[in-house]
Every structure is written in structure tokens, then in C-alpha cells.
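In: mind folding the following:
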Amino acid sequence: MEIRLKNLLMLMNMNTKTLIIILGPTAIGKTSISIKLAKHYNTKIISADSRQFYKELKIGAAPPSKKELSEVQHHFIHNLSVNEDYNVGKFEEDALRKIEELFKEKEKIIMVGGSGLYIDAICKGFDKMPDISKEIRNKVISLYKEKGIKFLQSELKENDPIYFNEVDIQNPQRLMRAIEVIYSTGKPFSNFRKEQVKKRSFNIVKIGLDMNREDLYKRINKRVDIMIENGLLDEVESLLNHRNKNSLQTVGYKELFEYLDGKYRQEEAIDMIKQNTRRFAKRQISWFKRDHTITYFSTNKTKEIIKLIG
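Out: Numbering: from 1, shown residues only. The predicted model follows:
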């Protein structure tokens, strides 16, 4: 641990421009810590949470509150509509452009999120994704329609366990996209983010937030209850006409769409949201634990984080 901290400090001394990444599983408290750090360094925040891009997802994506957004300027929050096509490659381009712009006036910038794929895009870059033939795309769609989401999950787990442990496995669009790449290239989807690590012109410090698993799960359950109280069901009903959009194939929306279809009782759907969110958090933790450049802190250690960063 001490060696890793010394190495981080040495890197920071060599480069004055520093991107501070606050990462961790859903509901752990990333927003609160990132705002405290942004205030301390008088800087701005870039969101790397792929669900929070969409302006229609005001409740289910758990974006910062209006009060939190008023305290510190955030970028990539509610900047898109669910009708827009967006992917990690576009985010890499847009976020790097914004980072370059902000570094003209700031020495440090905060990035916050739990989407490991999107964070990797900024830290490592992505190889160009292969073009997918109509034949392959139609084949994958047919397999999904014929065999269902469990087949997609099984196929991805067998052929790319790394990406399987990070992706929202309840999102068929993301599963199909990864399987298309696998079928087209014979390589795991995850390979396309690490074959050539792109060198960035700024220093990167990754701060991971850690918490007892039982406490985290309690926070997740409470957050879901608050979302329901705040009108998540009404939000989902308002999006029924867009339910097939990729941005809505995610925890919190998928379960309530199925409730509205009469597949589950409301209480069952809410319990499923809690269960699937806990599973998603577990996959996020597994993903980040593979990255040995992350330094972990408890959520109440803001002063210690600042001491490390300087």
C-alpha cells in the first residue's frame, strides 16, 4: 500500500494536470465525496455513469439532486435523450474533449462513476470496434428472440467472463452488442479496450470507495424504496413508448415495465429491483478489484483522500 501511494505521488509531481477518478459500486456515496473534493479543489465534475447521461431518467438512474448540481458544476448529466444513440466510443471522444477544455483553467478535475467500461475508456482508451455484418447482427437477434436473455448471459459468460462480470446482464442490448463482436472477430469484447493502452497527457489518480457488503446492500435497498416514494413508477410509465431503447434496458426500468405488463405484482417487481441492483453492485466490485492502480478508502475518509492527492 505504501509503495503504491509513493508511486502515485511521484507521478503527480511529474505532471501538474490531474484527473481524480472517484469510483465504486452503486449507492456507496460517490456523489457526496466527489462534491466535497470538487469544492476543496475549486474544480468541476465529469460524470462517467452511463445511465445518468439521459435526461428522462431523473429518478431511476439516481443522478445528483438539484441541490447537489447547484453546488458544483457537473458535465455529462442529463445531456442526452433516450432517443439518441450513444456508446462508450463516443463518450471517450466527448469526455476527453471536455477534459482538455477544463484543464485550461483547472489543475485538477474530478471524474465520478461506477461504469467500469466508461472509466476504462478514459484511462486506457478503446481500440476501434469492428464493423458488424447484417448477417451476424440478425443471427444474434434471432438467437435472443428464440432462446431469451439467459442464453445471451450464458454465451457471454463462456466467451468473455471479464466483461460478463461488469456488464448489466439484465440489459439484452449490451449483451447482444458484445456477442456480435465475439462472433465477428473470435475475440472477447473486453479485448478491444486493452490491446493498445493509449497514453494520456494528464495524470490519473483512481480512488475507490469501500464499504462493508452488508451496509452497502442496506443502502441499496433504502435507495430503491426512496425511488419508489419519489415516483419511479410514474417515470417508468411515462417511458413506455421508449421501452425498447438501449438506455432503458437496465435495472429499475426493466422490472417495472414487466410489472406494468402484468408479469409481476408491484411488491415482487420492487424486490427484483433490489436484488438485481445488489447483483450489479457485486459485479462492479469484482470489476474494480482487478485494477491494482486503485487506492481504496472508506467513505468517511475524505481528509485522507485529500492528503493523498495533495
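In: ok, G208 - contacts?
Out: Each residue near G208 by CB atoms under 8 Å, 6 or more residues apart in numbering is listed here: 23-24, 288, 294-297. Every C-beta, even on glycine, is put in place using the N, C-alpha and C of the backbone.
In: would JSON lines of those with secondary structure and distance to V251 be doable?
Out: Output for the contacts of G208, formatted as JSON lines (DSSP: H, G, I helix; E, B strand; the rest coil; distance: CB to CB, whole Å):
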{"residue": "L23", "secondary structure": "strand", "distance to V251": "18"}
{"residue": "G24", "secondary structure": "coil", "distance to V251": "17"}
{"residue": "F288", "secondary structure": "helix", "distance to V251": "18"}
{"residue": "I294", "secondary structure": "strand", "distance to V251": "24"}
{"residue": "T295", "secondary structure": "strand", "distance to V251": "28"}
{"residue": "Y296", "secondary structure": "strand", "distance to V251": "24"}
{"residue": "F297", "secondary structure": "strand", "distance to V251": "26"}
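In: quick one, which of those are buried?
Out: 23-24, 288, 294-295, 297 (16 or more other CB atoms under 10 Å).
In: which two in those are spaced the farthest apart?
Out: In the buried ones among the contacts of G208, two members sit farther apart than any others by CB to CB. They are F288 and F297, at 13.0 Å.
In: please, where are all the strands along the stretch 101-250 of the chain?
Out: 108-113, 203-210 (DSSP state E, counting those that start in this stretch).
In: run the chain-centre distance for the last one.
Out: Averaging C-alpha positions (CA atoms, centre = their mean, to the nearest Å) puts strand 203-210 15 Å from its chain's average.
In: that one vs strand 108-113, what angle?
Out: Here the directions of strand 203-210 and strand 108-113 differ by 40 degrees (axes from the mean of the first three to the mean of the last three CA atoms, to 10 degrees).
In: adjacent strands (with direction) for strand 203-210?
Out: Strand 203-210 has the following sheet partners, assigned by DSSP bridges: strand 18-23 (parallel), strand 294-298 (parallel).
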